[in-house]
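In: I'll drop the sequence and a predicted model, then ask my questions.
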Amino acid sequence: MVYVVMGVCGCGKSTIGKILAERIGNPFFDGDDFHTAENIEKMSRGHSLTDEDRKPWLQTIAKNIPIWNKKGGAVLACSALKGIYRDWLLENNDGGVNFIYLNGTRELLMKRLSQRKGHFMNPTLLDSQLKTQEIPEDAINVSIDMDPNSIAQSILDEIKVC
């Protein structure tokens with residue numbers, strides 16, 4: 001199974017994903033590592049990516065999902081904000097994907113973004129991500145108003161792995 005830890009910038013996808021991967025004994029992959037240099041530059045300048053910008057990025061990730069599943073699974077941090085983005089991730093996959101949606105208030109997300117150092121994502125993009133996101137109905141939905149270990153444990157309780 002590939003667990004996709006998803007949500008807007010600042011929700012803790014990478015932090016929670018790494019903890020989750022360690023606890024279930026699977027590798028962790030960060031969706032940001034699959035972006036093109038052009039996408040990273042665009043976001044660094046505070047410009048939102050278009051669907052056309054995102055599609056090749058998500059299709060590249062999607063090609064890896066069956067490989068990860070054959071190797072026993074993985075945890076992936078990926079925003080996957082819209083339903084169509086999640087559909088692109090599921091293209092040509094056998095259903096071995098589970099989405100985990102990390103949700104929080106704008107105020108909490110902005111606080112986290114203001115404390116984050118060294119990330120290419122410009123915090124001014126939060127509002128556009130909040131407007132863009134389509135909250136998934138079929139995902140594990142977890143609030144981020146706890147510490148990272150508690151968030152990871154609540155996910156593990158949901159997926160019944162530990």
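Out: Nice, I can see it. What you see is a predicted model, and the numbers here were worked out from it, not measured in a lab.

In: C-alpha from now on. contacts and neighbour counts both.
Out: Will do.

In: for the lowest-mean-pLDDT helix or strand in the chain, which outside residues touch it?
Out: Of all the helices and strands that make up the chain, helix 106-115 has the lowest average by mean pLDDT, DSSP states H and E, namely a mean of 75. By C-alpha atoms under 8 Å, 6 or more residues apart in numbering, the list of residues contacting helix 106-115 from outside reads 9-11, 123, 126, 145.

In: and the helix or strand just after that helix, how far out from the chain's middle?
Out: With elements assigned by DSSP states H and E, the helix or strand that comes after helix 106-115 is helix 126-132. The chain centroid and the centroid of helix 126-132 are separated by 15 Å under C-alpha atoms, centre = their mean, to the nearest Å.

In: likewise for stretch 24-34?
Out: The answer for stretch 24-34 is 10 Å, by C-alpha atoms, centre = their mean.

In: buried set for it?
Out: Under the neighbour-count criterion of 16 or more other C-alpha atoms under 10 Å, stretch 24-34 has 26-32, 34 buried.

In: got the residues you listed as a markdown table, with distance to residue 71 and pLDDT columns?
Out: As requested, these are arranged in a markdown table below (distance: C-alpha to C-alpha, whole Å; pLDDT from 0 to 100):
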| residue | distance to residue 71 | pLDDT |
| --- | --- | --- |
| 26 | 9 | 97 |
| 27 | 10 | 98 |
| 28 | 13 | 98 |
| 29 | 14 | 98 |
| 30 | 17 | 95 |
| 31 | 18 | 94 |
| 32 | 21 | 87 |
| 34 | 19 | 94 |
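
In: so which of those residues belong to helices?
Out: Assignment to helices by DSSP state H places none of the buried residues of stretch 24-34 there.

In: want to try JSON lines for these, with distance to residue 104 as columns?
Out: Shown next, in JSON lines, are the buried residues of stretch 24-34 (distance: C-alpha to C-alpha, whole Å):
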{"residue": "26", "distance to residue 104": "26"}
{"residue": "27", "distance to residue 104": "26"}
{"residue": "28", "distance to residue 104": "23"}
{"residue": "29", "distance to residue 104": "22"}
{"residue": "30", "distance to residue 104": "20"}
{"residue": "31", "distance to residue 104": "20"}
{"residue": "32", "distance to residue 104": "20"}
{"residue": "34", "distance to residue 104": "25"}
